[in-house]
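Q: Here's a sequence, model it:
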Amino acid sequence: MNRINQLFKNKQKDILSIYFTAGFPQLNDTCEVIRELQANGIDLIEIGIPFSDPMADGPTIQDSGTIALRNGMTLKVLFDQLRNIRKNVAIPLIMMGYLNPVMQYGFENFCRKCAETGIDGVIIPDLPFNDYINEYKPVADKYDIKVIMLITPETSDERIRLIDNHTDGFIYMVSSASTTGAQKNFDDKKQEYFRRINGMNLRNPRLIGFGISNKATLEAAQQNASGAIIGSKFITLLKENANVKEAVKALKKVLAEKSS
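A: Now for the predicted structure:
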């Protein structure tokens, strides 16, 4: 069984996924970040592929991608870094990035390399859903790579049902129709959106991302889905702290404290 499916089979609530940009802050930090997050009880990790035009990302992740690219990060370098990651990492790993670098690499080559490396799924925010169904899904299925799709408050119920029927793993539930970035809390409009999707009784589990940055937003996400995804806040902590271990320690502290 794919590790993503196994995770959601064994744990239905309070899942915590962390996103970070590969090659940030330093080019060779990638594997250390993964191992340190696993050691601190993180359930799922999203490895960001840096790209020069990250449309869905706010300033924090954009800046981390720029630094990673300057450090020399590429898909080839990333796969080389991850070639032995499964020797001591057991939790699900997902690659998240934009379509252009994946197309340049070749989608089948990309999926094959993911399978060889031990990557369980991919998130490609700008992959059109019809293209996914007609061209990409058969290739991803061949290598047992789960393609995770995103929904937003503006996504119609019809489209959400379509995504739910044609994907397998989980649905990435974007908290708001904006770019990534930390938020102090979720307002009533977002809470209503969470409840509306919760009431659809979808087949796939959901993780809520964009804006999770403290105990309040984490708990709100966990109450309305299987768990939460944290990205920008962790990127900030990686930048602010002296090393990866200290950044992960700081993340745990932030998520344990009530916001003022």
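
Q: And what about Tyr172, helix, strand or coil?
A: Tyr172 carries the three-state label strand when classified by DSSP: H, G, I helix; E, B strand; the rest coil.

Q: Give me the nearest residue to it, chain neighbours excluded.
A: Leu150 (4.5 Å; Cβ to Cβ, 6 or more residues apart in numbering). Using the backbone N, CA and C atoms, a C-beta is placed for each residue, glycine as well.

Q: What distance do you get for the one you found to Phe129?
A: 10 Å (Cβ to Cβ, to the nearest Å).

Q: In a strand, Ile47, correct?
A: Yes: counting by three-state DSSP, Ile47 is found in a strand.

Q: Neighbour count: Leu150 and Phe129, which is higher?
A: Here Leu150 and Phe129 are compared on neighbour count by other Cβ atoms under 10 Å; more neighbours surround Leu150, at 18 against 15.

Q: Next, the more buried one: phi, psi?
A: Backbone geometry at Leu150, expressed as degrees, to the nearest 10, gives phi -100, psi 150.

Q: Show the contacting residues for it.
A: Taking Cβ atoms under 8 Å, 6 or more residues apart in numbering, we find Leu150 in contact with Ile123, Pro125, Ile171, Tyr172, Met173, Val174.

Q: Who are the contact partners of the closest residue to Ala90 other than its chain neighbours?
A: Nearest residue to Ala90, sequence neighbours excluded (Cβ to Cβ, 6+ apart): Gln38, at 7.3 Å. Residues near Gln38 by Cβ under 8 Å, 6+ apart: Ile45, Val89, Ala90, Ile91.

Q: same thing but at 10 Å, please
A: Residues near Gln38 by Cβ atoms under 10 Å, 6 or more residues apart in numbering: Ile18, Leu44, Ile45, Asn88, Val89, Ala90, Ile91, Leu93.

Q: Could I get the contacting residues of the second one?
A: Right, the one you point to is Leu44. Neighbours of Leu44 in contact, by Cβ under 10 Å, 6+ apart: 3-4, 7-8, 11, 15-19, 37-38, 91-94, 120-121, 170, 207, 227, 229.

Q: if we go to 7 Å?
A: By Cβ atoms under 7 Å, 6 or more residues apart in numbering, the residues touching Leu44 are Leu7, Ile15, Ser17, Ile91, Pro92, Ile94.

Q: Inside helices: which ones of these?
A: Leu7 (DSSP state H).
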